[in-house]
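>>> only geometry, no sequence info:
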């Protein structure tokens, strides 16, 4: 639905940031705009969202964010990792590209989220990690997954590609965001890692830079965010509150229009707890009203 139409900053909104790139003559490799973006997102999450000591690391895409987080977990070769059966393909392909085995498990039918309860009957003997997804932007309960991780000894990464602003991190539960053109916070193409572990954040940064200057978690790659993409993200963040307001308003409009014709249940919050990317509704009765 049109909620996924890209809404990127205009040329005039980008110009001040592009001029800063010209003055600094730094174009990539963790430049000043990239550093400012990470600092601003950290401060916003800590001040506005009440998060405690979170760290942000930019990446070249949301999928890259998932891959470097998987590398940072020190899993066994060919480890089995649970992913939800209902998700975008990148959740599973990130697992496969890192040499692990993806195991699809069911989701909660009421929320369409994979939860500790929805996988309660799964044999976890050979499983080393899980990747619950913030499906369609609906945030996962990070604290619940943190407790599950402590109880089971299994690692957790939340794939929150479309849930920037609503998805929290927790102890031992890092988060991967996407900044693709269709996402609420966009850099046109890019990703973010959010973690409460400073050492993990540093390891992720090294892994996006060929493993340099040190190589603590395996072979790195070039997964950095350019200064031009950071400029788009900073300009996008300037409009964050307006973006949330307009998307929630559009969601309400779709709900009202649909409910005039069908009996539906909207499987999304109508608050600004997160910024929806799509409309997700269950048709309770297929008969026209």
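Alright, I've got the coordinates. Treat the numbers as computed from the prediction; the structure is a model and nothing was measured.

>>> where do the helices sit along the stretch 51-200 of the chain?
With helices called from DSSP state H, counting those that start in this stretch, the stretch 51-200 of the chain shows them at 62-71, 89-97, 142-152, 198-207.

>>> give me whichever of these is most buried.
helix 62-71 (a mean of 26; mean count of other Cβ atoms under 10 Å). Using the backbone N, CA and C atoms, a C-beta is placed for each residue, glycine as well.

>>> which residues does it contact?
For helix 62-71, the external contacting residues (Cβ atoms under 8 Å, 6 or more residues apart in numbering) are 59, 81, 90-91, 93-95, 97-98, 100, 129, 131, 157, 159, 161, 174, 176-180, 183, 190-193, 195, 204, 207-208, 217-218, 221, 223.

>>> mean confidence score for stretch 175-191?
For stretch 175-191, the mean per-residue pLDDT is 95.

>>> make TSV out of the helices of the stretch 51-200 of the chain and add distance to residue 34.
As requested, these are arranged in TSV below (distance: least, Cβ to Cβ, whole Å):
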stretch	distance to residue 34
helix 62-71	14
helix 89-97	22
helix 142-152	25
helix 198-207	11
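
>>> which parts of the stretch 151-289 of the chain are strands?
155-156, 158-159, 175-178, 191-195, 263-266, 281-285 (DSSP state E, counting those that start in this stretch).

>>> contacts for the second one?
Strand 158-159 has contacts (Cβ under 8 Å, 6+ apart) with 62, 66, 87, 91, 131-134, 140, 142, 145, 167, 169, 173-176.

>>> that older thread, residue 113: which of the strands of the stretch 151-289 of the chain is closest?
strand 158-159 (10.4 Å; Cβ to Cβ).

>>> can you pull the contacts of the residue most central in space within the chain?
Residue closest to the average C-alpha location in the chain (Cα atoms, centre = their mean): residue 177, at 2.2 Å. By Cβ under 8 Å, 6+ apart, the contact set of residue 177 is 62, 65, 160-161, 163-164, 167, 183, 185, 191-194.

>>> related to what we said a few turns ago, CSV for the helices of the stretch 51-200 of the chain, including mean pLDDT?
Below are the helices of the stretch 51-200 of the chain laid out as CSV (pLDDT from 0 to 100):
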stretch, mean pLDDT
helix 62-71, 97
helix 89-97, 97
helix 142-152, 97
helix 198-207, 94
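
>>> between these, which one is closest to residue 237.
Closest among the helices of the stretch 51-200 of the chain, using Cβ to Cβ: helix 62-71, at 16.4 Å.

>>> ends of stretch 112-120, how far apart?
Using Cα to Cα, to the nearest Å, the end-to-end distance of stretch 112-120 comes out at 15 Å.
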